[in-house]
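Trainee: heads up, no residue letters with this:
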């Protein structure tokens, strides 16, 4: 069930196009009162924890200078995190986490905008709301304002939290991260006008974000000062070239403002030229090609784009991580603190195996996001009303759900397998051990997916909490070792119980227990789905 839309008041005067914007904004923020704070908290915690971590790793000026010298010649690591522009803790914080904080802000923003524009139209709720005296551009304005509020709060938290490292640098970093978010918020607003599917809008905007990361990575691999044309073609490259804590280039913020304003203007122009529910890109006419004779075939047709996109992304990420293994191990070989963090993430085997294990663990954490998104596709089909016609035929609920769950759980296995192949291709050896290390992540990934199924089956209104579970696991696995959190906290994540491969000993009991737990959780969710009413 979705929250009921609040009553809308009629606005008069010259702002008829924006009538009802304030009410829609309050409604959007109320609907996202859990999701947006979670995104902000995860992103801010990663950024604010970084100075302490770096101080433990590179506590002296000499160590920081040595790091900067090594990064100048380490092209693989520079492609991943960018060049170093300064030797202060603040500058190293911006270098180490800035790009990834910008990525998270962009993902948060595009999801917020698509949810409150194309999602509302696709479900039919926007037509109901617009039957009141609501301005044509009010929904788009409310969605962009909701994204702006989220990015402003994130920028404020980062600015205040890092003020001890330098007020100017913290303000520049916070505004830059928020600027990346708004660039992709307005990009999502354009794509939402062009497509008729919220899923396609998210996918296309995500593809643009992925291209922006690739452009920045390619540019930084070729130049150690951020001067490459490819770097400047990416908003993520603008963020690093703003140079927080290293002689701030305030004029770079004008690029974010200009891009957001231009894209916002394009989105507004498009919104005024189409009917609700329609799009500028034509949908492919039927009949659909291929067989759709089963619930599983329908689920595959609905989710195949996501599976293929995640598969390609995991393979390429594996290639990149595998290729940077030698350079990364060389970088941390003389740093006891850095080695200790990797050992907490990947076990106490040889340094190369430890690094590979840590990176494989990160891929497993990201795979948990895939399985949650795939499982919750069931909720999207149900709330949009598309599940009801399917279930009205000779298709039971369990059979309908099983089609999507096979894609979710089997897709998780596929992307981890491809990640392993990518690691092996990039590293060039240890194919068997690396594949085994990737596949051993699956029981923990499946537990997260099982929790999503349980929440959806028993409490569909609270199914979005599965994102919180996956986010918490990601935060514990990524930030926990760097913060030297107690083992009891690390064990709260199912990933904390897996054997550390390659290099470590294979320990079957926790793998089997986690697999059994995943089966129990899925079974409980399916029982709940079978007993409750199907919402529309």
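Mentor: Yes, it's here. All figures in this text were calculated on a predicted structure; none of them were measured in a lab.
Trainee: how close does residue 46 get to residue 476?
Mentor: 12 Å (C-beta to C-beta, to the nearest Å). Every C-beta, even on glycine, is put in place using the N, C-alpha and C of the backbone.
Trainee: could you pull out the strands for the stretch 301-450 of the chain?
Mentor: Under the criterion DSSP state E, counting those that start in this stretch, the stretch 301-450 of the chain carries no strands.
Trainee: that one: helices as residue ranges?
Mentor: Per DSSP state H, counting those that start in this stretch, the stretch 301-450 of the chain carries helices over the ranges 325-332, 336-346, 351-375, 377-383, 387-391, 397-427, 431-439, 442-458.
Trainee: which one of those has the lowest average pLDDT?
Mentor: Here the helices of the stretch 301-450 of the chain differ in mean pLDDT, and the lowest is helix 336-346 at a mean of 62.
Trainee: buried residues in stretch 32-44?
Mentor: 32, 35-36, 38-40, 42-44 (16 or more other C-beta atoms under 10 Å).
Trainee: check stretch 463-481 too.
Mentor: So stretch 463-481, judged by 16+ other C-beta under 10 Å, has buried residues 463-471, 473-481.
Trainee: what does stretch 491-511 give?
Mentor: Within stretch 491-511, judged by 16+ other C-beta under 10 Å, the buried ones are 493-504, 510-511.
Trainee: restricted to helices, list those.
Mentor: 510-511 (DSSP state H).
Trainee: now what about stretch 461-468, what contacts it?
Mentor: Contacting residues not belonging to stretch 461-468 are listed as 1, 34-35, 38, 372, 375-376, 379, 448, 451-452, 455-456 [C-beta atoms under 8 Å, 6 or more residues apart in numbering].
Trainee: need the helices of the stretch 301-450 of the chain in a markdown table with mean neighbour count and distance to residue 96, can you?
Mentor: Shown next, in a markdown table, are these (neighbours: other C-beta atoms under 10 Å; distance: least, C-beta to C-beta, whole Å):
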| stretch | mean neighbour count | distance to residue 96 |
| --- | --- | --- |
| helix 325-332 | 18 | 12 |
| helix 336-346 | 19 | 12 |
| helix 351-375 | 24 | 15 |
| helix 377-383 | 20 | 34 |
| helix 387-391 | 15 | 44 |
| helix 397-427 | 21 | 22 |
| helix 431-439 | 20 | 25 |
| helix 442-458 | 26 | 26 |
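Trainee: need those helices in CSV with distance to residue 272, can you?
Mentor: Below are the helices of the stretch 301-450 of the chain laid out as CSV (distance: least, C-beta to C-beta, whole Å):
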stretch, distance to residue 272
helix 325-332, 50
helix 336-346, 51
helix 351-375, 32
helix 377-383, 28
helix 387-391, 33
helix 397-427, 37
helix 431-439, 49
helix 442-458, 37
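Trainee: of all the ones you listed, which lies closest to residue 489?
Mentor: helix 336-346 (11.7 Å; C-beta to C-beta).
Trainee: hmm, back to that, from the contacts of stretch 461-468, which two are the most distant?
Mentor: It's 1 and 448 that sit farthest apart of those, by C-beta to C-beta, at 24.2 Å.
Trainee: gap between the closest residue to residue 307 other than its chain neighbours and residue 435?
Mentor: Among residues not flanking residue 307 along the chain, residue 411 sits closest, at 4.7 Å (C-beta to C-beta, 6 or more residues apart in numbering). Residue 411 sits 17 Å away from residue 435, going by C-beta to C-beta.
Trainee: before we move on, what about residue 70?
Mentor: With C-beta to C-beta as the criterion, residue 70 and residue 435 are 31 Å apart.
Trainee: any idea which helix or strand in this protein has the lowest mean pLDDT?
Mentor: helix 336-346 (a mean of 62; mean pLDDT, DSSP states H and E).
Trainee: mind listing what the nearest residue to residue 375 once chain neighbours are set aside touches?
Mentor: Spatial nearest neighbour of residue 375, excluding adjacent residues (C-beta to C-beta, 6+ apart): residue 452 at 4.1 Å. By C-beta under 8 Å, 6+ apart, residue 452 lies in contact with 371-372, 375-376, 463, 466, 469-470, 525.
Trainee: one more pass at 10 Å, please.
Mentor: With contact taken as C-beta atoms under 10 Å, 6 or more residues apart in numbering, residue 452 is in contact with 368, 371-376, 378-379, 405, 408, 463-467, 469-470, 521-522, 525.
Trainee: now residue 392: phi and psi?
Mentor: phi -70, psi -20 (degrees, to the nearest 10).
Trainee: pLDDT wise, what is it at?
Mentor: At residue 392, the pLDDT value in this model is 75.
Trainee: ditto for the one 4 residues further on
Mentor: Model confidence at residue 396, given as pLDDT, is 79.
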